[in-house]
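Visitor: model this:
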Amino acid sequence: MTTAPFPIHHYPEDVTVLQVGDKTILLIGTAHISKHSSDLVIQVIDQERPDAVCVELDEKRYTALSQRSKWENLDLKQLIRTKQLATLMVNLILAAYQKKLGGQVGVMPGAELLAAARAAEHHAIPTVLCDRDVRVTLRRAWRATPLLKKGYLLAALLSSLFDKTQVDEQQLATLRRQDVLSELINELGTALPHTKKALIDERDVFMAEKIKQTQGHRLVAVVGAGHVEGIKRVIGEDNSHQIETISTVPPTRLPGRLLGWLIPGVIVLALLLIGIRQGASELTANAVYWILANGIPSALGATIALAHPATIFSAFAAAPVTSLSPLIGAGYVCAFIQVMACPPLVREFETVGSDIATFKGWWLNKLLRVFLVFVLTTFGSALGTWIGGYALINNLLN
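Guide: Numbering: from 1, shown residues only. Reported below is the predicted structural model:
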């Protein structure tokens, strides 16, 4: 890979021209909330008329940006059945933070990516979605994050919602500078190296390979400025053999799977041994304690979330059972019941971006209340498992 001179027109430093084999690639580094970036991608596409335009989007993100009625087609119940509720929540948090910053400069997040796609469509130029499925990215990032740092990552996500940072186009221009971005990315790599690999490094490889696979000799690629250096570094390499690996979510490691069954196994075994050693009355008493220790904290979590009465009852009933199986958690059961009993309205989906950034909004918006139910009943059930499990083991040993 070599850096080529600008072919015809002169562009700002946000545009890098690369020569890879017989392909000339104009790589545009953008800020996802910048009007300057939107104007620049339109200018480059209008002037260069490339053979194809590659954008840093996957199918779902492109649909979310381009279709105003996306919420009408969202099946929350199916998301819960396939255990994708947490992924949706993280997506909404990230989108809300970008939307808040974008609102300060009058541009919605991803506007430049959508502008690139529309400019390509206007000139009858193929648009190629070159980013990895966002669900795969988030799951790989979560799996890669060490257990002790998962809390740090969640805290950083939630704190971003209430960040009061003010930005303008001048600050965005500074942020797009390669030295500033390199420093920020290096800081992320130092704090969360495994997370940074899944969120940034793997996507650099993925997008570079997708760009190279795109038909045509003259291409425009529009990506976030934080990916420019990484793509430049790897685009001259043959990393096609990595695509299959980094496009899948790795299965839970054997120790994790064993731990998932170990805790329920210990609880059941403790109850059986108590029954054998101490009799049926003690078995009944300890079983009732287990039910109460799990059911009460989970139901309390649902109550704090202002869940529907049916959800609160389900939290109490489900937690003692789901705690004995790693296949499904109380949070998913309660979220499903909450959606059935109190389904969010379309307008609440549409205002979730602003509601999510306020403390009160989490309780007033029915979609966000589903997330609260999911999180608080999960936490309550986990707390109850440790309390109940400790009591059972203690009774058995004494």
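
Visitor: burial of Ile267, as a residue count?
Guide: 20 (other Cβ atoms under 10 Å). The C-beta positions use only the backbone N, C-alpha and C, and glycine is treated the same way.

Visitor: which residues touch it?
Guide: Taking Cβ atoms under 8 Å, 6 or more residues apart in numbering, we find Ile267 in contact with 290, 323-324, 385, 388-389, 392.

Visitor: Among the residues you listed, which are located in helices?
Guide: Mapping these onto helices (DSSP state H) picks out 290, 385, 388-389, 392.

Visitor: and these, which are buried?
Guide: 290, 385, 388-389, 392 (16 or more other Cβ atoms under 10 Å).

Visitor: how about JSON lines for those, with pLDDT added?
Guide: Formatted as JSON lines, these follow (pLDDT from 0 to 100):
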{"residue": "Trp290", "pLDDT": "91"}
{"residue": "Thr385", "pLDDT": "90"}
{"residue": "Gly388", "pLDDT": "90"}
{"residue": "Gly389", "pLDDT": "88"}
{"residue": "Leu392", "pLDDT": "88"}
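
Visitor: Find the pair from the residues you listed with maximum spatial separation.
Guide: Thr385 and Leu392 (10.5 Å; Cβ to Cβ).

Visitor: related to what we said a few turns ago, export the contacts of Ile267 to CSV and tack on distance to Leu199?
Guide: Putting the contacts of Ile267 into CSV (distance: Cβ to Cβ, whole Å) gives the following:
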residue, distance to Leu199
Trp290, 40
Ser323, 32
Leu324, 34
Thr385, 31
Gly388, 37
Gly389, 35
Leu392, 40
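
Visitor: Just the helices from the stretch 201-350 of the chain, written as ranges.
Guide: 202-213, 228-234, 243-246, 254-278, 280-304, 309-322, 330-341, 346-350 (DSSP state H, counting those that start in this stretch).

Visitor: among those, which is the most enclosed?
Guide: helix 330-341 (a mean of 25; mean count of other Cβ atoms under 10 Å).

Visitor: Tell me the helices and strands packed up against that one.
Guide: If you count contacts as 3 or more Cβ pairs under 8 Å, 6 or more residues apart in numbering; DSSP states H and E, helix 330-341 packs onto helix 76-81, helix 280-304, helix 309-322, helix 366-397.

Visitor: Format the CA atom coordinates belonging to that helix as CSV.
Guide: These are the backbone C-alpha positions of helix 330-341, laid out as CSV (Å, rounded to 0.1, in the frame of the first residue of the first chain):
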residue,chain,number,x,y,z
ALA,A,330,-35.1,-13.5,35.8
GLY,A,331,-34.4,-10.2,34.0
TYR,A,332,-35.5,-11.5,30.6
VAL,A,333,-38.6,-13.2,32.0
CYS,A,334,-39.7,-10.0,33.8
ALA,A,335,-38.8,-7.8,30.8
PHE,A,336,-41.0,-10.0,28.6
ILE,A,337,-43.9,-9.8,31.0
GLN,A,338,-43.5,-6.0,31.3
VAL,A,339,-43.7,-5.6,27.5
MET,A,340,-46.8,-7.8,27.3
ALA,A,341,-48.5,-5.9,30.2
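
Visitor: Give me the angle between that helix and helix 309-322.
Guide: 150 degrees (axes from the mean of the first three to the mean of the last three Cα atoms, to 10 degrees).

Visitor: Quick one: residues in contact with helix 330-341.
Guide: Contacts for helix 330-341 (Cβ under 8 Å, 6+ apart): 76-77, 80-81, 83, 85, 298, 302, 307-308, 310-311, 314-315, 318-319, 322-323, 369-371, 373-375, 377-378, 380-381.

Visitor: With stretch 303-319 instead?
Guide: With Cβ under 8 Å, 6+ apart, stretch 303-319 has contacts from 294-299, 301-302, 330, 333-334, 337-338, 341-342, 363, 369, 372-373, 376-377, 380-381, 384.

Visitor: what does stretch 367-375 give?
Guide: 76, 85-86, 89, 301-302, 304-307, 311, 331-332, 334-335, 338-339, 342, 344, 348-349, 352, 355-356, 361-363.

Visitor: Tell me how far that stretch lies from the chain's centre.
Guide: Mean-position distance between stretch 367-375 and its chain equals 16 Å (Cα atoms, centre = their mean, to the nearest Å).

Visitor: Next: stretch 309-326.
Guide: Centroid separation for stretch 309-326 versus its chain: 26 Å, with Cα atoms, centre = their mean.

Visitor: do stretch 348-355 as well
Guide: With Cα atoms, centre = their mean, you get 17 Å for stretch 348-355.

Visitor: Of the buried ones among the ones in helices among the contacts of Ile267, just say which sits nearest to Thr24.
Guide: Thr385 (58.6 Å).

Visitor: Hmm, Pro297 and that closest one touching each other?
Guide: No. Taking contacts as Cβ atoms under 8 Å, Thr385 lies outside contact range of Pro297: 9.2 Å.

Visitor: Could you tell me how many residues sit around the residue nearest to Lys197 when sequence neighbours are not counted?
Guide: Leaving aside its chain neighbours, Lys197 sits nearest to Ala144 (6.5 Å; criterion: Cβ to Cβ, 6 or more residues apart in numbering). When counting by other Cβ under 10 Å, one arrives at 17 neighbours for Ala144.

Visitor: So Ala144 sits against Ile200, correct?
Guide: No. Contact between Ala144 and Ile200 fails when scored by Cβ under 8 Å: they sit 11.7 Å apart.

Visitor: List the single closest residue to Thr248 in space, sequence neighbours excluded.
Guide: Nearest-residue entry for Thr248: Val136, 7.0 Å, with adjacent residues in sequence omitted and distances by Cβ to Cβ, 6+ apart.

Visitor: so how many other residues sit close to that neighbour?
Guide: Val136: 19 neighbours (other Cβ under 10 Å).

Visitor: That one sits in which helix or strand?
Guide: Element membership of Val136, judged by DSSP states H and E, is helix 134-144.

Visitor: Ok, Ala357 next?
Guide: Short version, using DSSP H and E: Ala357 is in no helix or strand.

Visitor: Now do the phi/psi pair for it.
Guide: phi -90, psi 0 (degrees, to the nearest 10).
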